[in-house]
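>>> okay, here's the prediction I keep looking at, along with the sequence it came from:
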Amino acid sequence: MKFDYQTMTLIKPKINNIEYINDTLPNSKYEMSLFKKNHRTLLMKKDDLYETIISKLPIQNRKNYCESLIFRTQQDLTNPECQIQKKELKKLLKAAEIELKNLDNILNH
């Protein structure tokens, strides 16, 4: 979803010709930054699925995805095959935790 600063309206994204609607306008600095064209959160840099699809869904769906990602990553960390994989999983886990915290802040404001 993008925000048109000239008309002060939300531009709804279409994924597979389905329009996803988010009823709330941005009301915080973080939430407003999500509407900027080139803004990518840490989780978007680590997770392609989150960047291309999940980040365009309503906040609650993104929050559910982050919670699920944290759980799955914690499970994967219990049995890593190598140190490099373990390091990447820790980075992904940290990114998901930060994103979840930011989404919680948006929902609580």
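Yep, that arrived. Numbering: from 1, shown residues only.

>>> pretty sure Leu100 is touching Ser68, no?
No: between Leu100 and Ser68 there is no contact under Cβ atoms under 8 Å: 10.4 Å. To be clear about C-beta, it is placed using only N, CA and C from the backbone, and glycine gets the same treatment.

>>> out of these two, which sits in the more crowded spot?
A count of neighbours by other Cβ atoms under 10 Å puts Leu100 above the other of Leu100 and Ser68, at 19 against 11.

>>> list the contacts of Leu107.
Contact partners of Leu107, counting by Cβ atoms under 8 Å, 6 or more residues apart in numbering, are Ile59, Gln60, Lys63.

>>> correct me if wrong, but it is in a helix.
Yes: assignment of Leu107 by DSSP: H, G, I helix; E, B strand; the rest coil places it within a helix.

>>> just the pLDDT for it.
What the model reports as pLDDT for Leu107 is 84.
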